[in-house]
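Undergrad: 3D model of this:
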Amino acid sequence: MQKLRVRYAKRGRLRFTSHRDVARAFERALRRAGVPMAYSQGFSPHPKISWIGAAPTGVASEAEYVEVQLVAAVDPSALARALDEALPPGLDVLDVVAAGPGSLADRVDAAEWLVEMPGVSSDTLRAAVDRLLAEEHVMVSRRTKDGTREIDVRPAVILAEVADPADGRPAVGIDMPAGDGPCGILRMVVRQTTPAVRPDDVLSALRVVAALDQPVPAKATRLAQGRLDDVGALSDPLAPDRAASAG
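TA: Predicted structure coming up:
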């Protein structure tokens, strides 16, 4: 069998699609593309697909990962083109590589996020972020199917900074009207924890420490996933696979 690792984006209105629906769309696209999938054994066989840290519903992403196992070797570039054509617009294949040694999940322990906050000025956002970073612990409440859960957000936030307004609004995955008012842009690196700290948890923490008001719902985009280095940057989780293929 051959194992391939796919990086894809979730853009535009497709960010409101649940992970279950994304998984179904991928299974249909793999069939339409004629990919020779490997299947599990048993009474109800399923294609061997493994998802790595899927983004929450309502969140856009430029760095989603999935592994697929095949029963015959294919060219990763050809599969990338065929799969991208078979997927609906907004689910876009960015890269496909043959899997090398090691687990992909072990190469991901943090994510980089970009959060657009229409109606919030950069100065107001910067003051709130400074208040958050000055705290050692910030507890927020999250509703779950089992009730309300308290989460400590602060230890997971490795980096948080406000983008310079002179840089303009980022071009990645934008589908919100620009408008004439202010739009604060928050960039942050968040470590994987249990339970996972999501962008809306960080926004809740900003409300707790600075009473930050958001007149318009924010939009979060995951820009990258990977392992943290000594300076807080993220490594490309597919880089070892490219190196193994080149070798």
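
Undergrad: parallel or antiparallel, list what pairs with the one helix or strand residue 114 maps to.
TA: Per DSSP states H and E: residue 114 is located in strand 110-118. Neighbouring strands of strand 110-118 in its sheet, by DSSP bridges, are strand 183-191 (antiparallel), strand 219-226 (antiparallel).

Undergrad: in PDB, could you pull the C-alpha coordinates for it?
TA: Extracted in PDB, the C-alpha atoms of strand 110-118 (Å, rounded to 0.1, in the frame of the first residue of the first chain):
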ATOM      1  CA  ALA A 110       0.600  24.200  17.700                       C
ATOM      2  CA  ALA A 111      -1.300  26.300  15.200                       C
ATOM      3  CA  GLU A 112      -1.000  29.800  13.800                       C
ATOM      4  CA  TRP A 113      -4.200  31.800  13.600                       C
ATOM      5  CA  LEU A 114      -5.300  35.100  12.000                       C
ATOM      6  CA  VAL A 115      -8.500  36.600  13.500                       C
ATOM      7  CA  GLU A 116     -10.300  39.500  11.800                       C
ATOM      8  CA  MET A 117     -12.400  41.700  14.200                       C
ATOM      9  CA  PRO A 118     -14.500  44.200  12.300                       C
END
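
Undergrad: what comes up buried for it?
TA: Within strand 110-118, the residues that count as buried by 16 or more other C-beta atoms under 10 Å are 110, 111, 112, 113, 114, 115, 116, 117, 118. All C-beta spots, glycine's among them, are computed from the backbone N, C-alpha and C.

Undergrad: how much does the following helix or strand past that strand deviate in direction from strand 183-191?
TA: Remark: after strand 110-118, the chain's next helix or strand is helix 122-134, criterion DSSP H and E. Using axes from the mean of the first three to the mean of the last three C-alpha atoms, to 10 degrees, the direction of helix 122-134 lies 20 degrees away from that of strand 183-191.

Undergrad: helices or strands next to the helix or strand following helix 122-134 in the packing?
TA: Under the assignment DSSP H and E, the closest C-terminal helix or strand after helix 122-134 is strand 139-144. Under the contact definition 3 or more C-beta pairs under 8 Å, 6 or more residues apart in numbering; DSSP states H and E, strand 139-144 sits against strand 147-152, helix 199-210.

Undergrad: if the residue nearest to the spatial centre of the chain is in a bridge, with which residues?
TA: Centre of the chain computed as the mean C-alpha position; nearest residue by C-alpha atoms, centre = their mean is residue 222, 4.0 Å away. As for beta bridges, residue 222 partners with residue 61, residue 113 under DSSP bridges.

Undergrad: ok, which of the strands paired with strand 110-118 comes nearest residue 5?
TA: strand 219-226 (12.2 Å; C-beta to C-beta).

Undergrad: work out the gap between that closest one and the centre of the chain.
TA: Put simply, strand 219-226 sits 4 Å off its chain's centre (C-alpha atoms, centre = their mean, to the nearest Å).

Undergrad: neighbours around residue 88, how many?
TA: 12 (other C-beta atoms under 10 Å).

Undergrad: same question for residue 150.
TA: Neighbour number of residue 150 under other C-beta under 10 Å is 8.

Undergrad: that one against residue 141, yeah?
TA: Yes: if you go by C-beta atoms under 8 Å, residue 150 and residue 141 touch, sitting 6.0 Å apart.

Undergrad: from residue 126, how far out is the residue nearest to the centre of the chain?
TA: 22 Å (C-beta to C-beta, to the nearest Å).

Undergrad: so residue 195: helix, strand or coil?
TA: What DSSP: H, G, I helix; E, B strand; the rest coil gives for residue 195 is coil.
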